[in-house]
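Asker: Predicted model, plus sequence, below.
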Amino acid sequence: MGLLLEFEGKKVFKEVGIPILPGLVAYNLQEAITAGEELGYPVVVKGQILTGGRGKAGLIKVVKDRKELEEVTPKILKGTIKDMKVQNVLIEKAVTITNELYISSMFDTFSREIIFILSTEGGVDIEAVAAETPDKVKNVRFDIDYEFSAKDATDLAASLGFKGTELEQLSDILVKMWNAMHTRDIQLVEVNPMAVLEGEKIIALDSKVIIDDNAIYRNPLYQEFMKKRIPDDPLEDKAHSYDVAFVRLDGDIGIIGNGAGLVMGTVDLIAEFGGRAANFLDLGGGASTERVLKALSIVKEVGQTGEPIDVLLINIFGGITRCDHVAEGVSHARKELGLDMPFVVRLVGTKQKEGMEILEKAGMNAFTEMEPAVRKAVEIAKAK
Amino acid sequence: MKILVNKDTKVLVQGITGNQGTFHTKAMLDYGTKVVAGVTPKRGGQEVHGVPVYNSIKEAKEEHEIDATVIFVPAKYAGSALNEAIDNDIQLIVCITEEVPVWDAARAVKRAKEKGITILGPNTPGLVSTDGCKIGIMPNSIFEPGKVGVVARSGTLSYEVIRNIKLAGLGQTTCIGIGGDPSHGLGFLEGLEMFEKDPNTEAIVLIGEIGGTEEEHAAAYIKKHVKKPVVAFIGGRNAPPGKKMGHAGAIVSGGKGTAASKIKVLEEAGVSVARLLSEVPKLIIKRLE
């Protein structure tokens, strides 16, 4: 899921013309001090992190002068929520807010529509607003091919009672959101709150933008964001560079498989048999011997940086992936990577016979059935 | 009657000269699929496993009748490959390519629907009719003519189930992969509808996974329209959270999308949900008694 940081989302807003406050990004205290002086106090220091709940976690603070900024910024920069780390801070000019609204637009990939959700009650949990006062939330769908016009936007905003200059600004923002989604591979734009300032000026006070990970290649701005990101888990970043899907879990059974569904199914089955998976790793389709070796090196690092891996389970159902390529990788891995834990291999499908022969030559056996293989891996892990 | 394809379906391969295209053209031919032509720009005149290669679909269509196409091109070019197939009115398009931008897929699916064309995928393993037509990358060895129809979101997880159905002696009629991407063409509903109508299919297996709401829609459809026994498996019961679409998504879908919620609605619709993959054939046999 391609969630952007608040400041990244706001860079997108700036490019498409959705109004934001003046702000500067700082990666350390010195940069924060410079930003504070440039913007003029009071300012808001906002920790940039890829999850919600920043306010409660103390990662957003208003400061009235340099002294206060020097006090809070280092704490915010070191902040974490669950496994996530603060990446940097966004420093924005503090402003007086007269009202808070909610606006979002989502690409519903099932119905192939864009759904706008608007509410007069922003800055709070929108689900709660929808449950308690449904008349304050407007939810409208448009086919992605629809030619969404300024008139549609005005009608939508007017239906919630907006008038005058507020109505004008909101409908302009809605049209810009619609266009941004269509031209920039965006799946969700949520602004909560959309703030009304003194003088009825409307700005996006926060941003939550989800982009399509598969379309980063054609959006230079997103590529720039990803380059500057500090990975929450360097290993996930490494796996990404190897083109394998990887998630660290907290068990002792390392897993490599092909296909997200099969790996998910393997994690489920390990749990079903009373074991604990150390990771989720999907080789993807058509993995080469080299990619198998790289994947094995990732799992090796899982054990080195977390709970040791007691057994490595390799579950391959070859379709586009060839069992012989995988077997080649596995047979090289023990020597080349110095992996000395027991391996449990399951191979079936495309080039199964060839794969089995390669493993036999390397002195290894493979299962053809998934359940006995998983059971065996769980047994080995439990015996440790 | 067969679903979507049969042994006479004439198939084109887009991206036939690439590694995957070449490898799976051979496997499809081995299965008995009538692969009549391939397309790779600037490679016209070559042959791949005896199949003639053309520069464009238009050129291929001048020489051959084509009922279906299968796309193996890289993700960057998948959008234009889909459009080329739609422009040339090919009635069934199977897009194997993974990681296709969601907007490209959604736009192509919409265009295809307007023309009455069926898209399978993107990110699908394809489909197999056990009377001798495989379009895609599913392993040949797991199929056996029989009485079970399979419709699945995940590729490899479905191979597991399809193979278990064969080993149990039940066999399959047609196996359809709808694709693991959020925006895909043919879905569970259309698959269920086809199997319900197909006289050769006696039981239906649905393989879903966490995320999205398609299984929930399927459950509602089954409750209303499906009389044949349905057995399901849902992957991802122990997957870590964090894949949801944020607040706006939660509002629209009403907090659905977890494995537990999917299993619950399916069971309420009269579907037998297996906890282990190996239970699927046992449940089918039980439901057919």
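Answerer: In hand now; what should we look at?

Asker: which residues in the stretch 151-300 of chain A form helices?
Answerer: Ranges of helices in the stretch 151-300 of chain A, per DSSP state H, counting those that start in this stretch, are A:164-183, A:220-228, A:234-241, A:260-272, A:289-305.

Asker: now do the stretch 1-150 of chain B
Answerer: B:19-31, B:57-63, B:75-87, B:102-114.

Asker: Touching the first one from outside, list them.
Answerer: By that I understand helix B:19-31. Residues from elsewhere that reach helix B:19-31, judged by CB atoms under 8 Å, 6 or more residues apart in numbering or on different chains: A:285-286, A:320, A:350, B:11, B:13-16, B:35, B:38, B:40, B:48-51, B:70, B:72, B:96, B:128, B:132-137, B:140, B:143. Heads up, the C-betas are built off the backbone N, CA and C, glycines and all.

Asker: And for stretch A:341-348?
Answerer: Here stretch A:341-348 has contacts from A:254, A:303, A:309-318, A:323, A:326-327, A:330, A:334, A:355-356, A:359, A:364-370, A:373, A:376-377, A:380, B:139, B:163, using CB under 8 Å, 6+ apart.

Asker: Just put the helices of the stretch 1-150 of chain B in JSON lines and tack on mean neighbour count, mean pLDDT and distance to A:Leu69.
Answerer: Shown next, in JSON lines, are the helices of the stretch 1-150 of chain B (neighbours: other CB atoms under 10 Å in any protein chain shown; pLDDT from 0 to 100; distance: least, CB to CB, whole Å):
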{"stretch": "helix B:19-31", "mean neighbour count": "19", "mean pLDDT": "95", "distance to A:Leu69": "55"}
{"stretch": "helix B:57-63", "mean neighbour count": "16", "mean pLDDT": "98", "distance to A:Leu69": "62"}
{"stretch": "helix B:75-87", "mean neighbour count": "20", "mean pLDDT": "97", "distance to A:Leu69": "45"}
{"stretch": "helix B:102-114", "mean neighbour count": "21", "mean pLDDT": "95", "distance to A:Leu69": "41"}
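
Asker: now the contacts of stretch A:341-348: which count as buried?
Answerer: By neighbour count, with 16 or more other CB atoms under 10 Å in any protein chain shown, those hold A:254, A:303, A:309-318, A:323, A:326-327, A:330, A:334, A:355-356, A:359, A:364, A:366-367, A:369-370, A:373, A:376-377, A:380, B:139, B:163 as buried.

Asker: Helices - which of those residues land there?
Answerer: A:303, A:323, A:326-327, A:330, A:334, A:355-356, A:359, A:370, A:373, A:376-377, A:380, B:163 (DSSP state H).

Asker: for those residues, which one is nearest A:Ala277?
Answerer: A:Ala277 lies nearest to A:Ala377 out of these, by CB to CB, at 9.6 Å.

Asker: Contacts only, for the most centrally placed residue in chain B.
Answerer: Residue closest to the average C-alpha location in chain B (CA atoms, centre = their mean): B:Gly177, at 2.2 Å. B:Gly177 makes contact with B:120-121, B:124-127, B:136, B:138, B:152-155, B:158, according to CB under 8 Å, 6+ apart.

Asker: Tell me who's in contact with the closest residue to A:Ile144 other than its chain neighbours.
Answerer: Residue nearest to A:Ile144 in three dimensions, not counting chain neighbours: A:Arg112, with 5.3 Å by CB to CB, 6 or more residues apart in numbering or on different chains. Contact partners of A:Arg112, counting by CB under 8 Å, 6+ apart, are A:Asp143, A:Ile144, B:Ala106, B:Val109, B:Lys110, B:Ser183.
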